[in-house]
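Asks: Structure, please.
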Amino acid sequence: MSIDAARTENQITDVISSVNQLADRARRASRVLKRANRDWKDRALLAMAAGIDANRSKIFQENKKDLQAGRANGTSTAMLDRLKLDDQRIDGLIAALNELAGLPDPVGRVVRGETLPNGLRMRQVNVPMGVIGTIYEARPNVTVDIAGLSLKSGNAVLLRGGSAALNSNLALVSIIRDALESVSLPRDLVISIDEFGREGADAMMGARGKIDVLIPRGGRELIQRVVTTAKVPVIETGEGNVHIFLDADANEQMAIDILTNAKTQRPSVCNTVETLLIHKDSKVAASVLKALSAAGVTLHTDERAAALVPELQTLAAGEDDWRNEYLDLDIAVKVVEDMDEALEHIRKYSTGHTEAILTSSLASSEQFIAEIDSAAVIVNASTRFTDGGQLGLGAEVGISTQKMHARGPMGLAELTTTKWIVQGDGHVRK
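Replies: Numbering: from 1, shown residues only. You can find the predicted model right below:
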């Protein structure tokens, strides 16, 4: 082995050892949190919110460094949008923490319970996972969301937020740790491993027995790397190739309002619509496409969709467009014969995130609900509502597209597991 190779191997070994030690510290901190009642945890959440509010200028200063570096490195517009923090987004983080403080504590909730015929008293209750690891990209809001959710659900968390948001994340983690200490909770309930770079993420993926569950959040490349590499159990969050089906009898103004919102309100996020499927008998399709174009959306159309608006400049859609998560002001558009063709298209290209139908027909909505197998199915509303905060969860770790215990927006309940408690009076099994 060469000297350089040996040095590299030693460095990797050192990183693994350091991350394991941090995970052990987080484990010890989580044991203290087990003794914390709801009031104690809620005071910590409110302290986190107050700390973020009081340190806006520091957060903006560090976020500005990340944005400048991102522009210099040619970071995409969509990624820069996710990276950016402003007063409105800080207000949203504070509101999410305050809302979390107002939600019931999931720990100790009885899932089911009964007294068995033999007199044994049995109940299944929610308990914390223990130590959660999160790997994510250019999303400083995730730093706050996961810290708040982990705290309320009784977990410690290790954060790997990526180099693109390094300064923003370190500032936020420092504020959060100070807030924990201010209410006599261990600082090590929230730990950043960003200093270890990519090797730190690799160490987290291999830390089976140290980290109880790993949650990746980001682009397809990141998620698939974690899913295929990690030895730690993974809750998979997915990309959002989101579809809206415009039924034959959909209301014109409703369709315009919903599609414009679903595409343009914040195009860089996973619940924005990426493909519009139009029933061939729709009378409002042309108006909808013109409204999208007027809002600055580039239309990638099949031949039938292009023929609906010959006065507009559109791009010819190919196979890649049906699979693409644009995360920008682009949308793929296809005319379909009927509901069955729309459903078949979605089955083929969906990532299992969110699908929506715009219709005036109860029968059509019920068929769509029954046959779509995605984490969220929406009728006559924007796909932007597939969001933990919008659905009353206070915040979310991400949108799970798998079919384990967590599916869709992951809030407090999804960060707990269960244990069985059995109480007897000298019972023995015969």
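Asks: so where does Gly92 fall, helix or strand?
Replies: Using DSSP states H and E, Gly92 maps to helix 87-102.
Asks: In CSV, list the C-alpha atoms belonging to that helix.
Replies: These are the backbone C-alpha positions of helix 87-102, laid out as CSV (Å, rounded to 0.1, in the frame of the first residue of the first chain):
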residue,chain,number,x,y,z
ASP,A,87,-37.6,36.9,6.7
GLN,A,88,-40.6,35.0,5.3
ARG,A,89,-38.9,31.7,5.5
ILE,A,90,-37.5,32.4,8.9
ASP,A,91,-41.0,33.3,10.0
GLY,A,92,-42.1,29.9,8.6
LEU,A,93,-39.5,28.1,10.7
ILE,A,94,-40.5,29.9,13.8
ALA,A,95,-44.1,29.2,13.2
ALA,A,96,-43.4,25.5,12.6
LEU,A,97,-41.6,25.3,16.0
ASN,A,98,-44.4,27.1,17.8
GLU,A,99,-46.9,24.8,16.1
LEU,A,100,-44.9,21.7,17.2
ALA,A,101,-45.0,23.0,20.8
GLY,A,102,-48.8,23.1,20.5
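Asks: in it, what counts as buried?
Replies: Using 16 or more other CB atoms under 10 Å as the test for burial, helix 87-102 gives 90, 92-94, 96-101. Every C-beta, even on glycine, is put in place using the N, C-alpha and C of the backbone.
Asks: Equivalent analysis for stretch 171-181, please.
Replies: Quick answer for stretch 171-181 (16+ other CB under 10 Å): 171-177, 179-180.
Asks: next one: stretch 313-329
Replies: Quick answer for stretch 313-329 (16+ other CB under 10 Å): 314, 317, 321-322, 324-329.
Asks: taking these one by one, which sit in strands?
Replies: With strands taken from DSSP state E, there is no overlap with these.
Asks: of those residues, the lowest pLDDT goes to which?
Replies: Lowest pLDDT among the buried residues of stretch 313-329: Leu327, with 87.
Asks: Now do the contacts for the residue nearest to it when sequence neighbours are not counted.
Replies: In space, and not counting its chain neighbours, Leu327 is closest to Ala78: 4.1 Å by CB to CB, 6 or more residues apart in numbering. The contact partners of Ala78, by CB atoms under 8 Å, 6 or more residues apart in numbering, come to 267-268, 327-328.
Asks: how about a cut-off of 10 Å?
Replies: Ala78 is in contact with 138, 219, 266-269, 272, 325-329, counting by CB atoms under 10 Å, 6 or more residues apart in numbering.
Asks: How much space separates Val297 from Val335?
Replies: To Val335, Val297 is 17 Å away according to CB to CB, to the nearest Å.
Asks: now swap in Asn141 and tell me
Replies: For Asn141 relative to Val335 (CB to CB), the value is 37 Å.
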